[in-house]
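[1] Okay, predicted coordinates and the sequence, questions at the end:
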Amino acid sequence: MAVLRDSRNKWRYRKTLTLPGGKRERISGTPILNTKMAAEIAEREHIQRVLASLTSSSPSATPKKEVPTFDKFADEFMATYSENNNKPSEVASKQTILKHHLRPSFGRRRLDAIQQREIETYKSARLKKGLSPKTVNNHLTVLRRIVTLAAEWGIIAHAPQFKWLKVPEAEFDFLTFEEAGRLEQAAEGEWATMVVLGLGTGMRQGELLALRWEDVDLVAGRLVVRRAVARGIIGTPKSGKSREIPLNDKVLRVLKAHRHLRGELVFCDGDGHMLSKGACKWPLRRACRRAGLRRIGWHVLRHSFASHLVMRGAPLKAVQEMLGHSTIEMTMRYSHLSPDVRRDAVRLLDDAVPSDNRLTTAPEQS
């Protein structure tokens, strides 16, 4: 400390500071209270003021960014991220969730003000409105992607943690072998071909509607699923990848009989235009009524295809590839239908018992 008394017997400080970059600056002053301690305190405060002024005026000092509202960043998210990385159907789905749910709840909030408390409040409010846990989780998926991206871009310091609602395991409906046969017999005209193809390939409805003749090989007995239609937009299948499906004799026979020259689509209207999902609903319902079956949708045919394969002993990996599931976990929900799963599992215990270790014991000798 450069503290001393001057000629007037006043305590004062005088010091030369070496600043970052080598610059030197002299400071000095006299405290209000004429004591050595007051002079030392005044010197320290003066040094702090000099250093603070350097920090605030430094060219490298970055001004604190203003955190945007959820509404503003959601617009940027959709324009610069979602439209570049998601399918058109996914973009449309996100827009719907934003418009009807997330924007009304979070729109005016700053992104850094959306924390776990606000998220839990949103979950509670949506459940009270009657939305299912699965639907609310879909909303949270979009919200999480937005705030996580904001954190990755350095707009907010960190993204809050999300706790997902527990969703009961989804049940699926499928037709028995006998019911499937009745449905095929009850379907009329070209709709019967679509029913047979759905039951024999497991294709999704959007994939059936977008199927082209160029993707069907009637000689080799196979087809390749390259396209699907969702919300009126043609894109890749749900997994994002094409897949090949072999055709059994029944499917091959009805496709050959169905071959037409109305256009490139396998299933189309009289002018060759793509059918809508709405146009496909009533023919299937009429067929169900004629067959004496419960009302089902086209996706039940996909479940039936997978269920019948597993019940006949097909490997789950093969079923996964034909269905186009991205993970085997999605296919595992059909595993309980396999007649060999439990039996083969129990037989594993036989291999674990040494051959000389018999369960029988020799009788005791008297």
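    Yes, it's here. Numbering: from 1, shown residues only.
[2] What ranges does the stretch 1-150 of the chain have for its strands?
    Per DSSP state E, counting those that start in this stretch, the stretch 1-150 of the chain has strands spanning 3-5, 11-18, 24-29. These are given in chain order.
[3] contacting residues for K166?
    Contacts for K166 (Cβ atoms under 8 Å, 6 or more residues apart in numbering) come out as P133. Backbone N, C-alpha and C define where each C-beta goes, glycine included.
[4] Kindly report the same for K241.
    Contact criterion Cβ under 8 Å, 6+ apart gives G324 as the residues in contact with K241.
[5] Relative to A228, how far out is the nearest residue to Y122 once chain neighbours are set aside?
    Residue nearest to Y122 in three dimensions, not counting chain neighbours: S105, with 5.5 Å by Cβ to Cβ, 6 or more residues apart in numbering. Using Cβ to Cβ, to the nearest Å, one obtains 32 Å as the distance from S105 to A228.
[6] Same check on R24?
    Here the distance between R24 and A228 works out to 73 Å (Cβ to Cβ).
[7] next one: L323
    Per Cβ to Cβ, L323 is found 13 Å from A228.
[8] coming back round to it: would you list the strands of the stretch 1-150 of the chain in CSV and tack on mean pLDDT and mean neighbour count?
    Rendered in CSV, the data for those read as follows (pLDDT from 0 to 100; neighbours: other Cβ atoms under 10 Å):
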stretch, mean pLDDT, mean neighbour count
strand 3-5, 84, 14
strand 11-18, 84, 15
strand 24-29, 86, 12
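[9] In CSV: those strands, plus distance to D271.
    Listed next are these as CSV, based on distance: least, Cβ to Cβ, whole Å:
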stretch, distance to D271
strand 3-5, 98
strand 11-18, 86
strand 24-29, 86
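[10] who's more crowded, S105 and A228?
    Neighbours of S105 and A228, each counted by other Cβ atoms under 10 Å, are more numerous for A228; the result is 24 against 18.
[11] I'd guessed that one sits against D215; true?
    No: with contacts counted by Cβ atoms under 8 Å, A228 stays clear of D215, the gap being 11.8 Å.
[12] Show me the common contact partners of the two, please.
    With Cβ under 8 Å, 6+ apart as the test, A228 and D215 reach no residue in common.
[13] any weak-confidence spans in the stretch 51-200 of the chain?
    55-65 (pLDDT under 70).
[14] can you give me the helices in it?
    Secondary structure of the stretch 51-200 of the chain, counting by DSSP state H, counting those that start in this stretch: helices at 70-77, 83-85, 88-97, 103-106, 116-128, 133-152, 177-186, 189-201.
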